[in-house]
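>>> Mind looking at a prediction? Sequence and model below.
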Amino acid sequence: MKNIVETIKTDLDDHLAKMALHSSAVFIAYCLSWLVISPVQNHLLPNLFTLISLFYLPFGIKIISAFFEGYKSMIYLAPGVLISFALFVEMPLGAMKTNMTLLISYGAAPTVFILLDWLKADGAHGLSASQAWRTLVLGGAISSVLISFLIHGVWHDTIDPNVMFSSMLRFIIGDMLGLAVVLSVLMGVFRLRSKRSRYRANEHRPEG
């Protein structure tokens, strides 16, 4: 019985740690997108990307989260997403369209990666590093198109039909540029950690 309790506690601690990590990451991404990127782009490109971030960083976070955690990413991201929506997004929480938007936005990517894993015989865990990066980009692109199409369908009655296609296209561009930025940062962190690990290994290597 004691072992069962300890196992449950360990699993719970692991889930809470992942929730804190993923939610913090997506919250920071929302803060940067709304408080830094959007004001700058509205000043430099006031008519080009209205209401849509040119570098939508939360998309990059949810793609990486979905790639590694599947449908669990929806739970891990939920606190950060809900807080961010309450602070930044002009959508009433609890409203039907808001709920549909959240479900589409954060449920599409896990679905896409599960389908991509199913199409690959050995799944994501059998991918090399280069294949993993390509799968992230491919899954991100498919997810962005799917999310854009579905969300514009949900909000079609509030969007001018004459700008529907251009709005979807800007949506996708913002997503993919956001994903590119997040992946670039992640790649830089991995390289930095690799260099530090090699440096420490060399420091402790015996001479002679």
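Perfect, thanks for sending it.
>>> rest of the way, CA atoms for contacts and neighbours
Noted.
>>> Please report phi then psi for I159.
phi -120, psi 130 (degrees, to the nearest 10).
>>> tell me which element the closest residue to it other than its chain neighbours falls in.
Leaving out its chain neighbours, the residue that sits closest to I159 by C-alpha to C-alpha, 6 or more residues apart in numbering is H152, at 7.9 Å. If you go by DSSP states H and E, H152 is part of helix 129-154.
>>> what helices or strands is the next helix or strand after that helix leaning on?
As assigned by DSSP H and E, the chain's next helix or strand after helix 129-154 is helix 164-203. Where contact means 3 or more C-alpha pairs under 8 Å, 6 or more residues apart in numbering; DSSP states H and E, helix 164-203 is packed against helix 57-69, helix 129-154.
>>> let's see it at 6 Å
helix 57-69 (3 or more C-alpha pairs under 6 Å, 6 or more residues apart in numbering; DSSP states H and E).
>>> got the contact list for the helix it packs on?
Outside of helix 57-69, the residues within contact range by C-alpha atoms under 6 Å, 6 or more residues apart in numbering are 26, 29-30, 73, 109-110, 175, 178-179, 182.
>>> swap the cut-off to 7 Å and go again
Contacts to helix 57-69, defined as C-alpha atoms under 7 Å, 6 or more residues apart in numbering, come from residues 25-26, 29-30, 33, 73, 106, 109-110, 113, 136, 140, 175, 178-179, 182.
>>> State the pair within those that is farthest apart.
S33 and F113 (24.8 Å; C-alpha to C-alpha).
>>> any idea how far V182 lies from A132?
15 Å (C-alpha to C-alpha, to the nearest Å).
>>> err, A25, not the other one
Taken as C-alpha to C-alpha, the span from A25 to A132 is 20 Å.
>>> neighbour count winner among the two?
Set side by side, A25 and A132 show more neighbours around A25, with 20 against 15, by other C-alpha atoms under 10 Å.
>>> can you tell me how far the more buried one sits from Y76?
For A25, the distance to Y76 - C-alpha to C-alpha - is 10 Å.
>>> Any regions of this protein where pLDDT drops low?
Applying pLDDT under 70 to the chain flags the ranges 1-9, 11, 47-52, 121-127, 194-208.
>>> center of it - which residue?
K62 (1.8 Å; C-alpha atoms, centre = their mean).
>>> Which strand or helix spans the closest residue to S23 other than its chain neighbours?
Computed as C-alpha to C-alpha, 6+ apart, the closest residue to S23 that is not its neighbour in sequence is G80, at 4.1 Å. Using DSSP H and E, G80 maps to helix 72-88.
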